[in-house]
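1. Could you work out the structure for the sequence below:
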Amino acid sequence: MFSTNNNLRFSEKKAYIGIGSGIRLFREEWYCEELGCSLRAFKKLCKALSVPRIRIGRKWYVELTSFQLAIRYISRIGEPDFTSPSSGSKGSQLNVLEFRKNISGVVSELLYTQKLQTGKLIQTTKKAAQLAAKKLIALGMHNIPVAAKEDLEQEANTMVDLNNAE
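-> As a prediction, this is how the structure comes out:
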């Protein structure tokens, strides 16, 4: 979705902080370069997407996968148009409750999109995504009825089994 090249125009070359194998905190300026928007517009977009910004020292960062999941969700087929808050009109808001209901589908679509674009998923990325999907699903299961929880657990296990079979 976004490139991670080193052709950065802002002052420092380090665009992100890597934490473990799956978490990358990218500087706000990097997103602004990629999206072609101002810092103010990007901050408004993050707020509308409910994607948190993280301040470390004097710099602000946004976790790449969280941002990608939010963008994947609002750009799914069948979703209504999403208007950025800085576009001159009243902006849209990501519906967090609906997002949480559809998280397993969003994660699957993001994985398949990456697979289509690259031809294959690297095994470590695949395992990290499966683990993240399980954790996200588990987090969302605290507030749902037991029957629905069992259905979601079975669906998540089936999704992981299908991905392991590839």
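
2. Return the distance of the nearest residue to residue 99 once chain neighbours are set aside relative to residue 34.
-> Spatially, and ignoring its direct neighbours in sequence, residue 99 is nearest to residue 73 (5.3 Å; C-beta to C-beta, 6 or more residues apart in numbering). For the C-beta atoms, the positions are set from N, CA and C on the backbone; glycine is no exception. Noted for residue 73: a distance of 18 Å to residue 34, by C-beta to C-beta, to the nearest Å.

3. quick one, which of these two is more surrounded?
-> residue 73 (22 against 16; other C-beta atoms under 10 Å).

4. can you pull the contacts of that one?
-> Residue 73 makes contacts with 79, 94, 99, 102, 106, as judged by C-beta atoms under 8 Å, 6 or more residues apart in numbering.

5. any idea how the protein splits into domains?
-> As recorded under automatic domain parsing, the domains making up the chain are 16-95, 102-165.

6. I figured residue 24 was touching residue 67, is that so?
-> No. With contact defined as C-beta atoms under 8 Å, residue 24 does not reach residue 67; the gap is 10.2 Å.

7. which stretches of this protein have low pLDDT?
-> Low-confidence regions of the chain, defined by pLDDT under 70, span residues 1-13, 116, 118-125, 138-152, 159-166.

8. And the helices in it?
-> 28-35, 39-49, 64-74, 96-101, 103-118, 123-140, 146-165 (DSSP state H).

9. Relative to residue 55, which of these is closest?
-> Among those, the nearest to residue 55 by C-beta to C-beta is helix 28-35 (10.0 Å).

10. which secondary structure elements does that closest one contact?
-> Under the contact criterion of 3 or more C-beta pairs under 8 Å, 6 or more residues apart in numbering; DSSP states H and E, helix 28-35 touches helix 39-49, strand 59-63.

11. Adding mean neighbour count and distance to residue 28, write the ones you listed out as JSON lines.
-> Below are the helices and strands packed on helix 28-35 laid out as JSON lines (neighbours: other C-beta atoms under 10 Å; distance: least, C-beta to C-beta, whole Å):
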{"stretch": "helix 39-49", "mean neighbour count": "18", "distance to residue 28": "6"}
{"stretch": "strand 59-63", "mean neighbour count": "19", "distance to residue 28": "5"}
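
12. Fine, thanks again, bye for now.
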